[in-house]
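Student: based on what follows, work out the 3D shape:
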Amino acid sequence: MSGFVEKPEPLQVPGLVHLHTGKVRELYRNEAGDLVMIASDRISAYDWVLPTEIPDKGRVLTQLSLWWFDQLSDLVPNHVLSTELPPGAPADWEGRALVCKSLRMVPVECVARGYLTGSGLAEYEQSRTVCGLALPEGLVDGSELPAPIFTPATKAEVGEHDENVSYEEVARQVGADTAARLRQATLAVYSRARDIARERGIVLADTKFEFGFSDDDLILADEVLTPDSSRFWPAEQWQPGRAQPSYDKQFVRDWLTSAESGWDRKSEQPPPELPQRVVDATRAKYVEAYERLTGLSWS
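Tutor: Numbers count the residues shown, from 1 in each chain. Modelled structure (predicted):
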């Protein structure tokens, strides 16, 4: 059992039809047929959406995604049409709302890895492969790969794990031409973002993208290159052979698995509320990632 500890009731806004409640985002459709995405302050860990929110998290994700979309616009178009609040929307949506083009979404998580860690490391230790791609001997947790690799995954429902799949399986599901376009776009965007992050003292270890089609045009969608969808490591602390310090929700994971939380992640019991110090430390990490990447001050 996993999913929402307390599933929120979506706000009803005149002129908008609510479509979906995700781990972080609420999705609506406006009268023009465009999608309206609202990034909440919800946070998830171990397949649970926790009962405690992280203040400003949704705004950080939205503003960082917008910054990245600008950096990548010459490589691939994106789905953003406007950042204006829909008429009648609550003031709290300011800074966290995106009006987006409605797309035919590709049912694949497009993951790029430039460094070995996480589920990729677990597979490598068993077979010296990641998603069926052979890698050299001698790599350890945090090792930079000889070249970035495309390691797609299935898209899971809330409360379930994405599962790594082979490129051949993606080609079988969506067609060889679409699979090739997804791989090319994913690796091009990752390589650009990796170089930009590196200039700012951050290692972009891996990240995941979502794409959709408008007619025959491949469009970058959802969020992009945020601490929720990427592993960012401070470059000055990068040291292969151990777990790396990270700009993400590690404070949350560490507390949930500590004796203090009293929670057994293998049980069917939902996780508890987060203490204020964990909330504050997690918010600070998201803000630091935004400021370090963009060079802008978070107000």
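
Student: how about the strands in the stretch 51-200 of the chain?
Tutor: Using DSSP state E, counting those that start in this stretch, the strands found in the stretch 51-200 of the chain span residues 80-82, 97-100, 104-105, 108-115, 129-130, 133-134, 144-150, 153-154.

Student: and the third one, which strands flank it?
Tutor: Put plainly, it is strand 104-105. Taking DSSP bridges as the criterion, strand 104-105 sits next to strand 202-214 (antiparallel) in its sheet.

Student: let's check: the centremost residue of the chain is which one?
Tutor: Central residue of the chain (Cα atoms, centre = their mean): Ser229, 1.7 Å from the mean position.

Student: pretty sure it contacts Thr207?
Tutor: Yes: with contact defined as Cβ atoms under 8 Å, Ser229 reaches Thr207; the gap is 5.9 Å. For every residue, glycine as well, the C-beta is placed using N, CA and C.

Student: point out where the stretch 1-150 of the chain drops to low pLDDT.
Tutor: Along the stretch 1-150 of the chain, the parts satisfying pLDDT under 70 run over 1-2.

Student: between strand 108-115 and the lengthiest helix in the chain, find me the angle.
Tutor: Assignment by DSSP state H gives helix 176-199 as the longest helix of the chain. Interaxial angle, helix 176-199 versus strand 108-115 (axes from the mean of the first three to the mean of the last three Cα atoms, to 10 degrees): 40 degrees.

Student: now do helix 176-199: everything it contacts.
Tutor: With Cβ atoms under 8 Å, 6 or more residues apart in numbering as the contact definition, helix 176-199 has outside contacts at 68, 71-72, 75-76, 106, 108, 110-112, 114, 148, 150, 152, 167, 170-171, 174, 203-204, 207, 209, 211, 218, 220, 224-225, 232, 235, 293.

Student: on that earlier part again, and the residue nearest to the centre of the chain, its phi and psi?
Tutor: Dihedral pair for Ser229: phi -110, psi 0, per degrees, to the nearest 10.

Student: quick one: pLDDT of it?
Tutor: Ser229 is assigned a pLDDT of 93 by the prediction.

Student: need the helices for the chain, in chain order.
Tutor: With DSSP H, the ranges of helices along the chain come out as 57-72, 118-127, 167-174, 176-199, 250-256, 276-294.

Student: looking at those, which is nearest to Arg25?
Tutor: Nearest of these to Arg25, taken as Cβ to Cβ: helix 57-72 at 8.1 Å.

Student: run through who's touching that closest one.
Tutor: Applying Cβ under 8 Å, 6+ apart, the contact partners of helix 57-72 are 24, 38-43, 78, 80, 83, 95-98, 189, 192-193, 196, 220, 223-228, 282-283, 286-287, 289-290, 293-294, 296, 298.

Student: buried set for it?
Tutor: For helix 57-72, a neighbour-count test (16 or more other Cβ atoms under 10 Å) marks 57-69, 71-72 as buried.

Student: might you calculate how far that helix sits from the centre of the chain?
Tutor: 11 Å (Cα atoms, centre = their mean, to the nearest Å).

Student: run the angle between that helix and helix 176-199 for me.
Tutor: Computed by the same axes, to 10 degrees, the angle between helix 57-72 and helix 176-199 is 100 degrees.

Student: send the alpha carbons of helix 57-72 over as CSV?
Tutor: Taking only C-alpha atoms (Å, rounded to 0.1, in the frame of the first residue of the first chain), the coordinates of helix 57-72 have been written out as CSV:
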residue,chain,number,x,y,z
LYS,A,57,8.7,24.0,-3.4
GLY,A,58,6.1,24.3,-6.2
ARG,A,59,7.2,27.8,-7.2
VAL,A,60,10.9,26.7,-7.2
LEU,A,61,10.1,23.8,-9.5
THR,A,62,8.1,26.0,-11.9
GLN,A,63,10.5,28.9,-12.0
LEU,A,64,13.5,26.6,-12.5
SER,A,65,11.8,24.7,-15.3
LEU,A,66,11.0,28.0,-17.0
TRP,A,67,14.7,29.0,-16.8
TRP,A,68,15.8,25.7,-18.2
PHE,A,69,13.2,25.9,-21.0
ASP,A,70,14.8,29.2,-22.1
GLN,A,71,18.3,27.6,-22.0
LEU,A,72,17.1,24.7,-24.2
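
Student: quick check on the contacts of helix 57-72: which are buried?
Tutor: Among these, those buried by neighbour count (16+ other Cβ under 10 Å) are 24, 38-43, 78, 80, 96-98, 189, 192-193, 196, 220, 223-228, 282-283, 286-287, 289-290, 293-294, 298.
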